[in-house]
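Q: give me a model of this one.
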Amino acid sequence: MTRISDETRRTFVCENIQDGRTIASLVAEYGISRATVSNWVRSYREECQNNDEEKSRLKMMDESRLRRLKSDRGQLRTGKIEKSSQCSSNKTEV
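A: Prediction:
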């Protein structure tokens, strides 16, 4: 079994937290087990509780995601994004 680097793990975690990717979409794209990705995300969030630098980084990722979601919502309301194309590109978590 190949060990996945800490940098690669962090990339998956950031894609989940900051970019809003579902665990299911990461599993489908990269072929890693759902439990593994879930454990990485949970471990990172726990690490952030004890490490001020990581806690700050997590807060920035969450704020970035929230700003993007608010922007998308505003664009949907004004009709700048078609609802059907937005929904079809999102994958639902299983």
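
Q: element containing residue 19, please.
A: For residue 19, there is no host helix or strand (DSSP states H and E).

Q: next one: residue 75
A: Going by DSSP H and E, residue 75 is in helix 52-78.

Q: give the buried residues for that helix.
A: By neighbour count on 16 or more other C-beta atoms under 10 Å, the buried set for helix 52-78 is 57-58, 61. C-beta here means a position set from N, CA and C on the backbone, and glycine is covered the same way.

Q: any idea of the mean pLDDT in that helix?
A: Throughout helix 52-78, pLDDT has a mean value of 75.

Q: if we can go back for a sec, will you turn the buried residues of helix 52-78 into TSV that also has distance to residue 35?
A: Below are the buried residues of helix 52-78 laid out as TSV (distance: C-beta to C-beta, whole Å):
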residue	distance to residue 35
57	24
58	21
61	22
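
Q: one step back: how far does the helix holding residue 75 sit from the chain's center?
A: 11 Å (C-alpha atoms, centre = their mean, to the nearest Å).

Q: just checking, what packs against that helix?
A: Judged by 3 or more C-beta pairs under 8 Å, 6 or more residues apart in numbering; DSSP states H and E, helix 52-78 is in contact with helix 6-17, helix 34-50, helix 83-89.

Q: among those, which is the most enclosed?
A: For the helices and strands packed on helix 52-78, the largest average neighbour count (mean count of other C-beta atoms under 10 Å) is found in helix 6-17, namely a mean of 16.

Q: tell me the contacts of the nearest residue to residue 55 once chain neighbours are set aside?
A: For residue 55, ignoring the flanking residues on the chain, the nearest one in space by C-beta to C-beta, 6 or more residues apart in numbering is residue 48 at 4.4 Å. Taking C-beta atoms under 8 Å, 6 or more residues apart in numbering, we find residue 48 in contact with 54-55, 57-58.

Q: now those residues as a markdown table including distance to residue 41?
A: Formatted as a markdown table, the contacts of residue 48 follow (distance: C-beta to C-beta, whole Å):
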| residue | distance to residue 41 |
| --- | --- |
| 54 | 13 |
| 55 | 15 |
| 57 | 14 |
| 58 | 11 |
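
Q: only the buried residues of stretch 19-31, if you could.
A: Buried residues in stretch 19-31 (16+ other C-beta under 10 Å): 21-23, 25-27.
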